[in-house]
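Participant: Please work out how this folds:
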Amino acid sequence: MGNGKTRVRGLAARAGGWSARHRWAAVGIWVLFVVLAMGLGSAAGRVDVKDSDQLKGETHTAAKIIEDAGIEEPASETVLIQAKDGALKATDSEFRAAVTAVVGAVEGTGKVTDVTSPYDTQTISKDGRSALVQFDIRGDSDTAGERVEPVLKAVEDVQKDHQSLRIEEIGGASMMKTFDDAFGDDFQKAEYSAVPVALGILLIAFGALVAALLPVLLAVTAIMATMGLMGIVSHVMPMSDTANSVMLLVGLAVGVDYCLFYLRREREERQAGRDAQTALQIAAATSGRAIIVSGVTVCVAMAGMLFTGLAEFEAMGLASLMVVAVAMVGSVTVLPALLSLLGERVEKGKIPFLHPDSKLRRNRGQGNRESRFWTAVLKGVLARPVISVVVAAGALLAIAAPAVGMKTQNLTLDQEFGDSLPIVQTYNRVNEAFPGGSEPAEVVVKANDINAPEVKSALAEFRDRAISSGASRGPVEIKLHDQQNVAFVYVPLVGGSDLDKAGTSLDKLRDDVRPATLGKVDGVEAPITGQVAGSKDFNDQLAGAVIPVFAFVVVFAFGLMLLSFRSLTIAITSIVLNLLSVGAAYGILVAVFQHGWGASLVGAEGVGAIITWLPLFLFVILFGLSMDYHVFVVSRIREARMRGRSTKDAIQHGVVTTAGVVTSAAVIMVAVFAIFGTLSMQSMKQMGVGLAAAVLIDATIIRGVLLPAVMALLGERNWYLPKWLNRLPDLTHDEAPEAVTRDKARDDEGERVPV
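Facilitator: Predicted coordinates:
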């Protein structure tokens, strides 16, 4: 294993060698690629996911009917008029005067249409103390939030004149405006602050401005190129704003990580006394290879989202896959060229008081300063591997235990935002007075002739049965579109904002009321959509995608580990350790956001559930990102083992020499993800906390304790490969950098290097 001659091989080594020899060409090609991708993407424009493509099932069918009919559903608004002290009723003159004033005020703005009085539509609560004035905002519903301000102002003015009543507006447009005002800038600032945070941590890690800027530069250019590619690809597979945000997060994480791995190894070899060319060659062959293995594994994990059948997930998966691939290619091509161009100037811009002793040491063997902390931890772990495995695995299983009772659902307005916004309180008051009224089920009825007697009779019967069945307390509103032969039936569901109870009401409509009424008329389609229906259809589709996605990601990750390390043991332990990491992240999410343990620390009181899309999303993202550290650490252990060290010594060497870079990379990821954990939206908070917790666990308990303890117990069995698997392709690297000398090292394009 340790001596003789071997051929320096591998894609990363050859790419790094070519880039180092053709520095300006490599940099020029990368810049040209980024510019072309951005230019072509800008020219092509981005096609976003349509509402009709978001989900399968009835929600999809309903959206398709509306889209094919060319019906533009306006943004609907509601004004709640309610007695504050309960003394006034809708029949009182003062109450009627307030209703008349609201109708006149909103009509007077010229921004609304189809204003209805509660006395005409019977939208008066059973106790007679609440009533709803309803209307639509003129124009495109997607931009209604930009035009609703005059209407809100008119309603506020009416409120000032009727202090004994509560007069509040809520609806699609007003919620859109409120959220944009409250959280639009908040979310954008979080995205923009991620880069300065990463740069600040890199400055501390490297102690030099140029070295710190390189990883950020690579990550930012990879993100810019991917944004352009998303525009081009979106004409085949539509993208979305969510996919863009996820791409930015993943791109920053892996872009910085890959560059960090490469730069640290090159720096370490130069500190050990090797010349710049040899150091770069070693970094390309070792860290470069680890980057490719890690990058391909992450891409495979992200590709798992393409199997969900959910357009939003497919967009997120493809966008993430592309940015990882771009960052990976940049790391093994343009980065070696930049390091070759900079040479020792990579140490320029040293920060005072940071790493005062970081001056490159020219004496061989002094370059790799091992972490004192991890050296001490590893000493204990390797001395008592059985106890270490039992304690670490037991702790992770205990942390993961709450995940067994995980409850997922699409968060309601009050769950997503709490009571921090006045409009949330209005939402709760409307639901209390008119259960389901703020988010009714919507039955989209399509017929050959919507005005045919049998269709009209079925619509009337459906309305009556929806109430008599107990699915709704009414009022059920029917809106006809004669020219398109389409009707919309709005059914407030019993259960209101309680999605479990509202789901039961939805099942009654779908399984009992519809078949007995509209289902008896030939040629009639009547899919039921709306918030509750969308949540149910999303859950059903996602549940069906879990097993295929999990199987795809795990099987392919296992195969890649097997080929990359030619060890059945390493492949199996890699999968098990990553699953433990993901399970622990699930447990933390459930404990904090569902059970409320420590929820006040992150501002998550009273949520009570995990947003539906997060578990699968976290599994894919975490399984991919955790491979970064795993491949990097295990590659270093294998490398030391190949140089003739015992397995125990190789584990000690591999873990403590990678501790610095893994810690730096983990701190950056945790800091970036934690930024999203500070947002007010609970879905973003859950994502940020889940990702940050998982990365922290992965970089400490998994890589620092459990991995070395398990490998120490397995000993030589770590490198076990059955004879019948020897025919598998050999994707390992066989360089032994410690023995490469400055004088004897030659270029990596097929030439032999003494090791």
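Participant: and the helix or strand containing residue 294, what other elements does it pack with?
Facilitator: Using DSSP states H and E, the element containing residue 294 is helix 276-303. Contact analysis of helix 276-303 by 3 or more Cβ pairs under 8 Å, 6 or more residues apart in numbering; DSSP states H and E lists helix 11-21, helix 241-271, helix 311-332, helix 334-342, helix 531-565, helix 614-642 as its packing neighbours. Glycine gets a C-beta too; all of them are placed from N, C-alpha and C.
Participant: Can you list the buried residues in the last one?
Facilitator: If I follow you right, that is helix 614-642. Judged by neighbour count (16 or more other Cβ atoms under 10 Å), helix 614-642 contains these buried residues: 614-642.
Participant: pLDDT of whatever helix or strand comes next after that helix, averaged?
Facilitator: Counting by DSSP H and E, the next helix or strand C-terminal to helix 614-642 is helix 647-676. Helix 647-676 shows a mean pLDDT of 85.
Participant: angle of helix 647-676 against helix 276-303?
Facilitator: 60 degrees (axes from the mean of the first three to the mean of the last three Cα atoms, to 10 degrees).
Participant: So what's the residue count around residue 573?
Facilitator: Around residue 573 there are 20 other residues, counting by other Cβ atoms under 10 Å.
Participant: so it touches residue 710, yeah?
Facilitator: Yes - the criterion here is Cβ atoms under 8 Å, and residue 573 meets it with residue 710 at 5.7 Å.
Participant: Which stretches in the stretch 651-755 of the chain count as strands?
Facilitator: Taking DSSP state E, counting those that start in this stretch as the test, the strands found in the stretch 651-755 of the chain are 752-754.
Participant: which residues of it score low on pLDDT?
Facilitator: Applying pLDDT under 70 to the stretch 651-755 of the chain flags residues 730-755.
Participant: ok, 90 please
Facilitator: Counting by pLDDT under 90, the stretch 651-755 of the chain has low-confidence residues at 652-689, 691-692, 694-695, 698-700, 703-704, 716, 719, 721, 723-755.
Participant: Next one: residue 148, what pLDDT does it get?
Facilitator: 91.
Participant: no, scratch that, I was asking about residue 220
Facilitator: The model reports residue 220 with a pLDDT of 91.
Participant: List the residue ranges of the stretch 251-400 of the chain that fall below the pLDDT cut-off.
Facilitator: Looking at the stretch 251-400 of the chain by pLDDT under 90, you get 251-314, 316-317, 339-379.
Participant: again, only using 70
Facilitator: For the stretch 251-400 of the chain, the stretches with pLDDT under 70 are 352-371.
Participant: Next, count neighbours for residue 480.
Facilitator: 16.
Participant: Report the contact partners of the residue sitting nearest the centre point of the chain.
Facilitator: Nearest to the geometric centre of the chain sits residue 246, at 5.0 Å (Cα atoms, centre = their mean). Listed by Cβ atoms under 8 Å, 6 or more residues apart in numbering, the contact set of residue 246 reads 316, 319-320, 621.
Participant: what do you get if the cut-off is 6 Å, keeping everything else the same?
Facilitator: By Cβ atoms under 6 Å, 6 or more residues apart in numbering, the residues touching residue 246 are 316, 320.
Participant: Name the nearest residue to residue 347, ignoring sequence neighbours.
Facilitator: Nearest residue to residue 347, sequence neighbours excluded (Cβ to Cβ, 6 or more residues apart in numbering): residue 208, at 5.0 Å.
Participant: got a pLDDT number for the one you found?
Facilitator: The model reports residue 208 with a pLDDT of 79.
Participant: pretty sure it contacts residue 345?
Facilitator: No - using Cβ atoms under 6 Å, residue 208 is not in contact with residue 345; the gap is 9.8 Å.
Participant: Tell me which of those two has more neighbours.
Facilitator: When residue 208 and residue 345 are compared on other Cβ under 10 Å, the one with more neighbours turns out to be residue 208, at 22 against 12.
Participant: Got the phi and psi for the more buried one?
Facilitator: Residue 208 adopts backbone torsions of phi -140, psi 140, taken as degrees, to the nearest 10.
Participant: hey, what's it bridged with?
Facilitator: Applying DSSP bridges to residue 208 gives these bridge partners: residue 350.
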